[in-house]
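Asker: mind looking at a prediction? Sequence and model below.
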Amino acid sequence: MPDLDTEQLEQALRNLGDLLARRWQHYELVLIGGGNLMLRGLISRTTTKDLDLLGERTAEAVQPLRPMPAELARAIRDVADTLGLAPDWINVGPQSLLDLGLPVGFEERLERADYGNGLAVWLASRFDMVCFKLYAAVDQGTRSHHFQDLQELRPSRDELLAAARWTMSHDPSAGFRGLLITILEQLGVEHADAALG
């Protein structure tokens with residue numbers, strides 16, 4: 001299946017919102033990943049394979065969708081069939097981030113976009129995406145699209161150090177810290193080891 005550009009993402013989300021409304025369904029979904037950055041206009045990357053669904057926003061918190069509700073999964077597949085998209089154009093791959101905790105203030109920084117009466121999408125903020133992209137870049141290296149996205153976000157030294165401290169709450173191992181320091185230095189953070197304490 002071909003990758004999706006911003007216009008195709010917007011169209012697919014509109015179709016999904018309309019379809020859910022016709023089926024008397026409403027969901028409030030929290031998105032992260034490259035698709036989130038494209039929808040927010042924060043990077044120049046023109047395509048993505050999918051939209052990464054972190055969970056559902058409720059009055060209490062972002063809740064995981066494990067498993068994805070059958071009505072939502074069916075609607076996503078039906079939109080995929082109609083538009084010729086991959087069946088997992090929205091997927092729940094990154095929900096493990098919820099297990100160890102999101103960056104402090106994550107929910108207050110979310111930005112809402114409505115797609116008809118059936119769908120509200122909550123987009124992660126630039127700072128939170130710096131956190132997630134740094135975590136992914138340590139895992140996948142400087143040749144990954146995560147590292148390229150991170151460079152495009154142009155985080156400040158303070159943002160990178162704050163993001164780095166969050167990533168270490170997810171993986172406190174010495175091996176992870178060593179890779180993290182290498183990535184930070186590649187991004188221009190001098191004396192990263194000392195700065196992290």
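Answerer: Sure, I can see it. From a predicted model like this one, the values you see are computed outputs, not experimental measurements. Residues are numbered from 1 along each chain as shown.

Asker: in contact with residue 27, which residues?
Answerer: 20, 56, 69, 72, 118, 119, 120 (C-beta atoms under 8 Å, 6 or more residues apart in numbering). From N, CA and C alone the C-beta is placed, and that goes for glycine too.

Asker: show me the contacts for the fifth one.
Answerer: The neighbourhood of residue 118, defined by C-beta under 8 Å, 6+ apart, consists of 16, 17, 18, 19, 20, 21, 22, 23, 25, 26, 27.

Asker: buried members of the residues you listed into PyMOL, please.
Answerer: Per 16 or more other C-beta atoms under 10 Å, the buried members of the contacts of residue 118 correspond to this PyMOL selection:
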select buried, resi 16+17+18+19+20+25+27
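
Asker: how about the contacts of residue 118 in JSON lines, adding pLDDT and distance to residue 152?
Answerer: Listed next are these as JSON lines, based on pLDDT from 0 to 100; distance: C-beta to C-beta, whole Å:
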{"residue": "16", "pLDDT": "98", "distance to residue 152": "27"}
{"residue": "17", "pLDDT": "98", "distance to residue 152": "28"}
{"residue": "18", "pLDDT": "98", "distance to residue 152": "32"}
{"residue": "19", "pLDDT": "98", "distance to residue 152": "33"}
{"residue": "20", "pLDDT": "98", "distance to residue 152": "32"}
{"residue": "21", "pLDDT": "98", "distance to residue 152": "35"}
{"residue": "22", "pLDDT": "98", "distance to residue 152": "38"}
{"residue": "23", "pLDDT": "98", "distance to residue 152": "38"}
{"residue": "25", "pLDDT": "97", "distance to residue 152": "35"}
{"residue": "26", "pLDDT": "98", "distance to residue 152": "33"}
{"residue": "27", "pLDDT": "98", "distance to residue 152": "29"}
